[in-house]
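A.B. asks: Structure, please.
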Amino acid sequence: MLALAPPSPPAAWPACPCGLRAGAIRQGAGEVLARLAELGVDTEATWAAANRLSAHSDLALDTAVELLASVQGGGQGHGRRVVELAVSLAEAAGLSSEEVRAVRWGAALHDLGKVRVPREVLDKPGPLTGEERTLVQGHAAWGAELLTPLPLPAAAVAAVRHHHERWDGGGYPRGLRCRRIPLAARIVAIADVFDALISARPYKPAWCECEAARVILRGAGSQFDPRLARLFVREVLGFRDLRP
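C.D. replies: Have a look, this model is predicted:
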């Protein structure tokens, strides 16, 4: 049986190797990068990025994506592509700048909880066992758990927790359905699945964008928000005449 012991919060913030005081990184995105350091991600890079957060929040987000890529699986560049796709969909849907910002953070950190999943499970080339699937599915709630204490938009944390919910109620972790699923999560879900389809994984080859887009359209009203799915394919991907 796989043993999984989620890391416990430290009694104090880790020592800063570059001389920064804790107060310098307790603002905004710095909390996220500090949390990654607690989890054993490249500490030197984490603190160096935190030192630049006050003037460059986008830099902090980009750094977080790169750090996560080293521990969460999903293929080279997955996190960055999901951010780009999700932001494009949020903008096409007419969301406000603050809502788009929340989507961007939620997309960037959607797989954060995978730091608690054994790497041999994430990289397994064959089908997962029931126990392994349960472990992987735990990443959505674990990611939200890690982020909840941090000063991020609530919608961003909701996107992390609920990006595997389904429009028909058959997803996880809560089995939410339709508009009970937070809007940011519905957006990230589409971007995440599309990029997974067009990316090569240990268990499958990459699909072409056209076929992946058809999967999104076929999932409209069952897996995905139907309006957002059609908007994504037609406006973000540019397949205006594509049929499922």
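
A.B. asks: Tell me who's in contact with the spatially closest residue to residue 166 that is not a sequence neighbour.
C.D. replies: Closest residue to residue 166 apart from its sequence neighbours, by CB to CB, 6 or more residues apart in numbering: residue 223 at 5.0 Å. Heads up, the C-betas are built off the backbone N, CA and C, glycines and all. Neighbour list for residue 223: 166, 167, 168, 171, 189, 193 [criterion: CB atoms under 8 Å, 6 or more residues apart in numbering].

A.B. asks: mind checking pLDDT for residue 223?
C.D. replies: Looking at residue 223, its pLDDT stands at 98.

A.B. asks: which residues touch the closest residue to residue 125 other than its chain neighbours?
C.D. replies: Leaving aside its sequence neighbours, residue 125 sits nearest to residue 202 (CB to CB, 6+ apart; 4.0 Å). If a contact means CB under 8 Å, 6+ apart, then residue 202 has 123, 124, 125 as its contacts.

A.B. asks: could these be laid out in JSON lines, adding distance to residue 80 and pLDDT?
C.D. replies: Formatted as JSON lines, the contacts of residue 202 follow (distance: CB to CB, whole Å; pLDDT from 0 to 100):
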{"residue": "123", "distance to residue 80": "20", "pLDDT": "79"}
{"residue": "124", "distance to residue 80": "24", "pLDDT": "84"}
{"residue": "125", "distance to residue 80": "24", "pLDDT": "83"}
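
A.B. asks: packing partners for the strand or helix carrying residue 187?
C.D. replies: In the assignment (DSSP states H and E), residue 187 maps to helix 183-198. If you count contacts as 3 or more CB pairs under 8 Å, 6 or more residues apart in numbering; DSSP states H and E, helix 183-198 packs onto helix 78-92, helix 97-108, helix 154-162, helix 209-218, helix 226-231.

A.B. asks: got the angle for it vs helix 209-218?
C.D. replies: Helix 183-198 and helix 209-218 are oriented at 140 degrees to each other (axes from the mean of the first three to the mean of the last three CA atoms, to 10 degrees).

A.B. asks: Could I have the CA atoms of helix 183-198 written out in CSV?
C.D. replies: C-alpha atoms of helix 183-198 as CSV (Å, rounded to 0.1, in the frame of the first residue of the first chain):
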residue,chain,number,x,y,z
LEU,A,183,-16.6,30.2,-12.7
ALA,A,184,-12.8,30.2,-12.5
ALA,A,185,-12.8,26.5,-12.0
ARG,A,186,-15.0,25.9,-15.1
ILE,A,187,-12.5,27.9,-17.1
VAL,A,188,-9.4,26.2,-15.8
ALA,A,189,-11.0,22.8,-16.3
ILE,A,190,-11.3,23.4,-20.1
ALA,A,191,-7.8,24.7,-20.4
ASP,A,192,-6.4,21.9,-18.4
VAL,A,193,-8.1,19.1,-20.3
PHE,A,194,-7.3,20.6,-23.7
ASP,A,195,-3.6,21.0,-22.9
ALA,A,196,-3.5,17.4,-21.5
LEU,A,197,-5.0,16.1,-24.8
ILE,A,198,-2.4,17.9,-27.0
